[in-house]
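Colleague: Sharing a model prediction with you, sequence too.
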Amino acid sequence: MTQGVFRVRLDVPTRAADTALAAALATGVQGVEIQDQETGGPPPGRVYIILWHADSADTPNHRRDVAAALRKGAGADVVVSLETADDGWTALLAADLEPALLGSHFAALPPGATPPPDRRPLWVESGGGFGSGMHPTTALCVGLLEPFINAETRVLDVGCGSGVLALAALLMGAQSAVGVDIDSVALAAAARNAAHNGVGDRARWVEKMPPQTADLVLANLYPGPLTQLASDLSRRIEHGGVLIISGFREPQRKALEGVYRDHGLHVVDAHSRAGWHGLILSSRPEAART
Ligand SMILES: C[S@@+](CC[C@H](N)C(=O)[O-])C[C@H]1O[C@@H](n2cnc3c(N)ncnc32)[C@H](O)[C@@H]1O
């Protein structure tokens, strides 16, 4: 039998998102997702932090305690709402998945769902918070990669999760993509998602970074791996190509810029979304877009 869960939604001013997230993590969450306006969240200036907690034996008290801890830790301007689900959290997420708008063309949604009228579907089977396309960094990266895709573009997506970034690139017309992840479950999901999107023949999903270079290297990761992999990632960029990194917030940004500068890469462009940053890096400051 699957473990019961309950869902807590925090409606938070964007500037307080870090504090609220820290308070939330201290309550022992099973899953976290952050939504801004384009990924099904509130209007600009606020974000939703969605948390999944396992039910304890003492469910009503546990829920009350979690809600109280969040209200106390996350500050006065945070709206906490509790929702219950009797099924497992994956099932809950799959059923609950709103289309996430990715870049200017796509909506990520589960196979069989109906995309918004002006959007192409990017089918994502995974109901998990990350890899469903619902995270602001995923949407941010899809928007950033769009100008770099043409029919010759070879893509390397490091930390691919369920493959959303590589799949978006392929659906935009990229020649091929290799997705790399240390999580074999994520790789299996990525392969299924490639098949759902009809691009399986142009994609490979592997656990170890291949030696070849790529025209577009994507790394929507965490600050730790982004630092540790800086040398490997820098060496995978084809001459004239770009690296897009994301998955960090303002306090880590300067340090990461320095790390990549030490590997000969300059910031060509920088964007942020719901407090998360994304950088386009190249060895040539004037890196050409298609
Ligand atoms: C934040 S998720 C991003 C998923 C996907 N890129 C997206 O935008 O939706 C980061 C992924 O990086 C993977 N990861 C973490 N460290 C890694 C490493 N050193 N090498 C490859 N993948 C890694 C995790 O398993 C996870 O699937």
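Modeller: Alright, I've got the coordinates. Numbers count the residues shown, from 1 in each chain.

Colleague: So which elements touch the helix or strand where L170 lies?
Modeller: Assigned by DSSP states H and E, L170 falls within helix 164-171. Packing partners of helix 164-171 (3 or more C-beta pairs under 8 Å, 6 or more residues apart in numbering; DSSP states H and E): strand 106-109, strand 120-123, helix 136-145, strand 154-158, strand 176-180, helix 184-196, strand 203-206, strand 214-220. Quick note: C-beta positions are derived from backbone N, CA and C, even for glycine.

Colleague: which element is A23 on?
Modeller: helix 17-25.

Colleague: in the very next helix or strand once past that helix, what's buried?
Modeller: Proceeding N to C from helix 17-25, the next assigned helix or strand is strand 31-35, under DSSP H and E. Residues G31, E33, I34, Q35 are the ones in strand 31-35 that count as buried (16 or more other C-beta atoms under 10 Å).

Colleague: just how off-centre is strand 31-35 within its chain?
Modeller: 10 Å (C-alpha atoms, centre = their mean, to the nearest Å).

Colleague: angle of that strand against helix 17-25?
Modeller: 160 degrees (axes from the mean of the first three to the mean of the last three C-alpha atoms, to 10 degrees).

Colleague: As PDB, could you dump the C-alpha coordinates of strand 31-35?
Modeller: Output in PDB follows, covering the C-alpha atoms of strand 31-35 (Å, rounded to 0.1, in the frame of the first residue of the first chain):
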ATOM      1  CA  GLY A  31       8.800  16.600  -1.800                       C
ATOM      2  CA  VAL A  32       9.000  20.300  -2.800                       C
ATOM      3  CA  GLU A  33       7.900  22.200  -5.800                       C
ATOM      4  CA  ILE A  34       8.000  26.000  -6.500                       C
ATOM      5  CA  GLN A  35       5.500  27.600  -8.800                       C
END
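
Colleague: List the neighbouring strands of whatever helix or strand comes next after that strand plus their orientation.
Modeller: Later in the chain than strand 31-35, the nearest helix or strand by DSSP H and E is strand 46-54. On the basis of DSSP bridges, the sheet neighbours of strand 46-54 come out as strand 5-13 (antiparallel), strand 31-35 (antiparallel).

Colleague: you'd agree A174 is in a strand?
Modeller: No - checked against DSSP: H, G, I helix; E, B strand; the rest coil, A174 lies outside a strand; its state is coil.

Colleague: Could you count how many residues lie near it?
Modeller: For A174, the neighbour count with other C-beta atoms under 10 Å is 26.

Colleague: Using the record's assignment, carve the protein into domains.
Modeller: The record's domain split for the chain, according to automatic domain parsing, is 5-96, 136-282.

Colleague: for the last one, the distance to its chain's centre please.
Modeller: Pointing back at domain 136-282 there. With C-alpha atoms, centre = their mean, you get 11 Å for domain 136-282.

Colleague: pLDDT weak spots in the stretch 101-250 of the chain?
Modeller: 126-134 (pLDDT under 70).

Colleague: how about the residues of it near the ligand?
Modeller: 130-131, 137-138, 141, 158-161, 164-165, 180-183, 186, 220-221, 225, 229, 247 (C-beta under 6 Å from any ligand atom).

Colleague: rewinding a little: other residues contacting the helix holding L170?
Modeller: Contacts with helix 164-171, where a contact means C-beta atoms under 8 Å, 6 or more residues apart in numbering, come from 102-103, 106, 108, 120, 122, 124, 131-133, 138, 141-142, 145, 149, 153, 155, 157, 160, 176-179, 190, 193-194, 197, 199, 202-203, 216, 218, 220.

Colleague: Please pick the buried ones from the residues you listed.
Modeller: Applying 16+ other C-beta under 10 Å to the contacts of helix 164-171 flags 102-103, 106, 108, 122, 124, 131-133, 138, 141-142, 145, 149, 153, 155, 157, 160, 176-179, 190, 193-194, 197, 199, 202-203, 216, 218, 220 as buried.

Colleague: Confirm N150 sits in a helix?
Modeller: No - secondary structure of N150 (three-state DSSP): coil, not part of a helix.

Colleague: Tell me, how many residues neighbour it?
Modeller: N150, neighbours per other C-beta under 10 Å, totals 14.
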